[in-house]
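Enquirer: Need a 3D model of the sequence below.
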Amino acid sequence: MVVLALFGAACSYERPLLAGADAGDGADAAVVDAAVVDAVGDLDAAGACALDDECASRVCENGGCLPEVAVRYVATIGDDTAPCTLAAPCATVAAAIARRPIGGDAFVSISPGGYRGTVTLDDRASDPPYDVYLIGSGPVGPTIYATDDGSNADGIELVHGRAVVRNLAVQGAMSNANSDAIWCGPGTTLAVSDVVAGPSRSDGIECRDCAVQVAGSQLRDNDGYGLNVTGTGTGQVVVTATVIDGNGQGGLALAATDCTVASSQISRNGAASDAPVAAVVACGDVVLDGNTFAGNVAPRARQASELRCVAATATLRNNLFAGTQTPLVDGCSHSYSLFYPAPAPAGTGNLGLAPRFVSATDFHLSADSPAVNAGAPSPPPTAGVDIDGQPRVSGGRVDVGADELR
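Expert: This is a model prediction of the structure:
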């Protein structure tokens with residue numbers, strides 16, 4: 001088992017994990033395999049696309065625009081007695097899901113604005129089950145707020161089934177210490193991209209015995225963890241090109257069979273007085289490739305670390321560790337990674353040098369950073385893009401950390 005400067009866990013589900021973990025624009029960052037979209041017909045019939053807002057229907061899947069008849073629409077000026085069309089939208093996600101095509105998945109386009117009240121996703125009453133797609137419209141997507149009435153309300157609750165969430169901001173109820181921005185129940189599968197999860201009094205995303213995929217998102221300013229995946233330790237966790245910043249308990253808490261974290265920034269986490277470490281990951285098989293860990297803290301001095309590793313069952317390469325805490329390396333092998341101010345551990349290509357960020361608050365690399373072109377010559381980086389969604393390897397070799405200098 002491996003414990004890293006993150007935290008998390010994932011789990012199993014009878015259907016496969018939603019495909020498309022690559023970061024980038026919301027249209028291609030979290031889409032499902034072709035079998036899932038068969039119910040809506042030929043996606044190319046309505047035109048080719050790369051972004052949701054390129055489509056008249058506001059929904060792009062697998063490179064094709066969905067027809068408007070396959071999508072249900074929600075707007076702040078909507079009415080739940082309306083048919084949930086683009087011309088006559090509903091007011092709530094619940095109404096839009098209820099009016100999904102018979103036998104089809106629920107594609108819900110949400111117009112910009114603020115929506116208060118928990119969005120509950122549960123397909124147990126449906127035969128066959130259906131997948132839910134919550135897709136924010138516009139360059140600045142809508143915000144879903146949990147009802148702040150003192151109840152244990154989350155922004156989005158995935159009780160049962162599978163869901164894709166993209167181009168949304170989601171906040172938990174600030175009046176309850178157990179409120180998450182996004183909560184997923186046992187056996188569920190969640191894929192998010194271009195999502196801001198937080199602030200909340202608990203976790204940005206909390207998943208229990210589920211499979212989760214996060215791409216191109218921000219998990220920030222939560223009192224708990226950015227991503228907290230707990231359970232029996234089965235399933236898969238994939239995090240790419242995501243910023244996990246300013247979370248009180250820590251960045252990530254992962255416990256799963258397979259965990260991949262790549263091209264992500266884990267920064268300024270762990271400031272809560274009872275935070276155990278800056279970040280932790282407990283998975284049977286871990287790939288930690290091309291991440292930046294910076295400025296994390298851990299008030300419990302004896303556990304203070306950017307990274308804790310209790311077993312060598314992991315691939316740890318091209319990572320950058322910088323901050324006030326000394327990384328605790330216990331049994332894991334690092335290669336082509338940079339450590340500062342702590343000395344670099346033994347391993348091929350490791351460096352003990354100041355990273356030379358752009359500034360104390362901007363963790364992109366400056367032109368004279370020793371991390372530039374200092375990554376592993378092979379194999380190729382796990383993620384094809386960096387923290388900004390730009391292609392990896394702009395020089396002779398990949399840069400160490402989440403940023404690829406250009």
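Enquirer: how about the nearest residue to residue 391, chain neighbours excluded?
Expert: Nearest in space to residue 391, with sequence neighbours left out and distances taken as C-beta to C-beta, 6 or more residues apart in numbering, is residue 385 at 6.1 Å. C-beta here means a position set from N, CA and C on the backbone, and glycine is covered the same way.
Enquirer: Kindly apply the preceding question to residue 91 instead.
Expert: Nearest non-adjacent residue to residue 91, counting by C-beta to C-beta, 6+ apart: residue 78, 4.0 Å away.
Enquirer: residues touching the one you found, list them.
Expert: 84, 88-92 (C-beta atoms under 8 Å, 6 or more residues apart in numbering).
Enquirer: Got the phi and psi for the residue nearest to residue 391?
Expert: Note on residue 385: its backbone torsions stand at phi -130, psi 160 [degrees, to the nearest 10].
Enquirer: Help me confirm that it comes into contact with residue 263.
Expert: Yes. With contacts counted by C-beta atoms under 8 Å, residue 385 reaches residue 263, the gap being 6.3 Å.
Enquirer: Counting neighbours, go ahead and name the busier of those two.
Expert: The residue with more neighbours, out of residue 385 and residue 263, is residue 263; 32 against 22, by other C-beta atoms under 10 Å.
Enquirer: Compute the distance between the more buried one and residue 120, please.
Expert: Taking C-beta to C-beta, to the nearest Å as the measure, residue 263 falls 32 Å from residue 120.
Enquirer: check contacts around residue 401.
Expert: The contact partners of residue 401, by C-beta under 8 Å, 6+ apart, come to 290-292, 318-320, 338, 355, 363, 365, 371.
Enquirer: Which residue lies nearest the spatial centre of the protein?
Expert: Nearest to the mean C-alpha position of the chain, counting by C-alpha atoms, centre = their mean, stands residue 214 at 2.5 Å.
Enquirer: Tell me which residues touch residue 110, please.
Expert: Here residue 110 is in contact with 73-75, 93, 134-137, 141-142, 168 (criterion: C-beta under 8 Å, 6+ apart).
Enquirer: For these, give me a markdown table that also has distance to residue 66, secondary structure and pLDDT.
Expert: Below are the contacts of residue 110 laid out as a markdown table (distance: C-beta to C-beta, whole Å; DSSP: H, G, I helix; E, B strand; the rest coil; pLDDT from 0 to 100):
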| residue | distance to residue 66 | secondary structure | pLDDT |
| --- | --- | --- | --- |
| 73 | 12 | strand | 98 |
| 74 | 16 | strand | 98 |
| 75 | 18 | coil | 98 |
| 93 | 17 | helix | 97 |
| 134 | 14 | strand | 98 |
| 135 | 10 | strand | 97 |
| 136 | 15 | strand | 97 |
| 137 | 13 | coil | 94 |
| 141 | 18 | coil | 89 |
| 142 | 19 | coil | 95 |
| 168 | 18 | strand | 97 |
